[in-house]
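Asker: Okay, here's the prediction I keep looking at, along with the sequence it came from:
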Amino acid sequence: MQATNHNVNGVNLKLLNAAIRFNALMLGFTAGTLAAVVIYSATQVSIAKWGDNSGNYLGLLAIFFPGYSVTSGGAWVGAFWAFIYAGTFSALSYRLYGRVLGTRIADILLSTVPTENPVLKPSVLRLHGISLGAAIGTMAALCLFFSTSWLVVRGTAHESIHAALFSNYLPGYSVSITGALLGAVEVFAVVFIACQLLASVYNKIVEMRHKKT
Amino acid sequence: MSVAAGVLCALMLFLATAILLLQTVPEGYPVGPHLSTLAHYLPGYEVSWYGALIGMFYGFLIGAIGGFAIAVYWNLTHYVALGVMLISSAELAD
């Protein structure tokens, strides 16, 4: 009996891990494409609106997007990097969310009754705020730490007046390794709270809709 | 997802403006000169209490559109991927 249960759990865990990998890939592709569209559009709007004077702020992206500039060609380069960064961030966030959530996934299923047609009318999953906050918070904290560290490593920390503006929102943050560590902790807290809010609003609406139907 | 993302973005833009307004700035210095450049993309937005409310409206709009786009695109990619899987498995069964 125990051996049978172990096998069933093994199969379920395998299926769960495969679903997490698949969803992570899909989310990476989705978020990456949307980010690419946003950067491409923002660059084109900037060119159309200000012509040769465009790119005062947007051009700063070149620090993280090698080859990027506020030009028609640069818009494609920006779209490429946005796809890579947002895609990687989203896919890793989802993988982490899946890992933190683990087998508790059954608890957030809105209805345990199987649907008649799982393809056309799939079961709805609620969001697990704590797991979501932990996953996206960790990723955001790592992003802030590595992007600040990059400014320090390339030797332009003292010129990075725009990055230093983060201290308006993250007390104690500065463009230094210590500031990056402090900022990372604070960003984690902010993103964690934001995810709780997102999850609670999303879950409330999903439950209301479910009751109606 | 639209409403949830909209509420979150609205609150974020409102708080981003409000935090700058609550900080002390030396007399004669502009408040939030960098954040106010958002007005290039969001007409009417400014770093003031009135602008914070306008920012809230824009935040909701951007979040809702973004959330909707992500949800639609996410569902679409899943349907396409699942469709491809179903067709391949049917072909394998044949």
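Answerer: Nice, thanks for sending it over. Numbers count the residues shown, from 1 in each chain, chains lettered A, B, ... in the order given.
Asker: Can you tell me the centre-most residue of chain B?
Answerer: Taking CA atoms, centre = their mean, the centroid of chain B lies closest to residue B:63, which sits 3.1 Å from it.
Asker: What residues does that residue make contact with?
Answerer: Under the criterion of CB atoms under 8 Å, 6 or more residues apart in numbering or on different chains, the neighbours of residue B:63 are B:2, B:5, B:6, B:7, B:8, B:9, B:10. Bear in mind the C-beta positions are built from the backbone N, C-alpha and C, glycine included.
Asker: Which residue is the nearest non-sequential neighbour of residue 23?
Answerer: I'll assume chain A. Leaving out its chain neighbours, the residue that sits closest to residue A:23 by CB to CB, 6 or more residues apart in numbering or on different chains is residue A:94, at 5.8 Å.
Asker: actually it's chain B I care about, not the one you picked
Answerer: The shortest distance from residue B:23 to any non-neighbouring residue, by CB to CB, 6+ apart, is to residue A:168 (6.8 Å).
Asker: right, and the one you found touches residue B:19 too?
Answerer: Yes. Taking contact to mean CB atoms under 8 Å, the distance of 6.6 Å between residue A:168 and residue B:19 places them in contact.
Asker: how about the helices in chain B?
Answerer: When assigned using DSSP state H, the helices of chain B occupy the ranges B:2-22, B:49-93.
Asker: what would those look like in JSON lines with mean pLDDT?
Answerer: Rendered in JSON lines, the data for these read as follows (pLDDT from 0 to 100):
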{"stretch": "helix B:2-22", "mean pLDDT": "90"}
{"stretch": "helix B:49-93", "mean pLDDT": "87"}
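Asker: Point out where chain A drops to low pLDDT.
Answerer: When residues are selected by pLDDT under 70, those of chain A lie in A:1-11, A:55, A:106, A:110-123, A:213.
Asker: Scan it for its longest helix.
Answerer: helix A:2-50.
Asker: Check which helices and strands that helix sits against.
Answerer: When contacts are defined as 3 or more CB pairs under 8 Å, 6 or more residues apart in numbering or on different chains; DSSP states H and E, helix A:2-50 packs onto helix A:72-101, helix B:49-93.
Asker: Count the residues that sit near residue B:14.
Answerer: Residues contacting residue B:14 under the criterion other CB atoms under 10 Å in any protein chain shown number 20.
Asker: Quick check: closest non-adjacent residue to it.
Answerer: Per CB to CB, 6+ apart, closest to residue B:14 is residue B:56, 4.5 Å.
Asker: Also residue B:57?
Answerer: In this structure, residue B:57 finds its nearest non-sequential neighbour in residue B:10, 7.3 Å apart by CB to CB, 6+ apart.
Asker: Number of residues surrounding the one you found?
Answerer: The number of residues packed near residue B:10 is 21, by other CB under 10 Å.
Asker: try residue A:161
Answerer: Burial measure for residue A:161: 9 neighbouring residues, criterion other CB under 10 Å.
Asker: next one: the one 10 residues further on
Answerer: Here the neighbour count serves as a burial measure; for residue A:171 (other CB under 10 Å) it reads 9.
Asker: Kindly report the same for residue A:159.
Answerer: Using other CB under 10 Å, residue A:159 has 12 other residues around it.
Asker: For it, give its distance to chain B.
Answerer: Residue A:159 is 15 Å from chain B, where distance means CB to the nearest CB, to the nearest Å.
Asker: For that residue, give me its contacts.
Answerer: Neighbours of residue A:159 in contact, by CB under 8 Å, 6+ apart: none.
Asker: For it, what are phi and psi?
Answerer: Here the main-chain torsion angles of residue A:159 (degrees, to the nearest 10) amount to phi -90, psi -10.
Asker: For it, give its distance to residue A:63.
Answerer: In this structure, residue A:159 lies at 10 Å from residue A:63, with CB to CB, to the nearest Å as the measure.
Asker: Residue B:54 reaches residue B:45, doesn't it?
Answerer: Yes. The pair residue B:54 and residue B:45 qualifies as a contact (CB under 8 Å) at a distance of 5.3 Å.
Asker: The closest residue to residue B:58 other than its chain neighbours: how many residues sit nearby?
Answerer: With CB to CB, 6+ apart as the criterion, residue B:58 has its nearest non-adjacent residue at 4.6 Å, and that residue is residue B:42. In terms of burial, residue B:42 registers 18 neighbours under the definition other CB under 10 Å.
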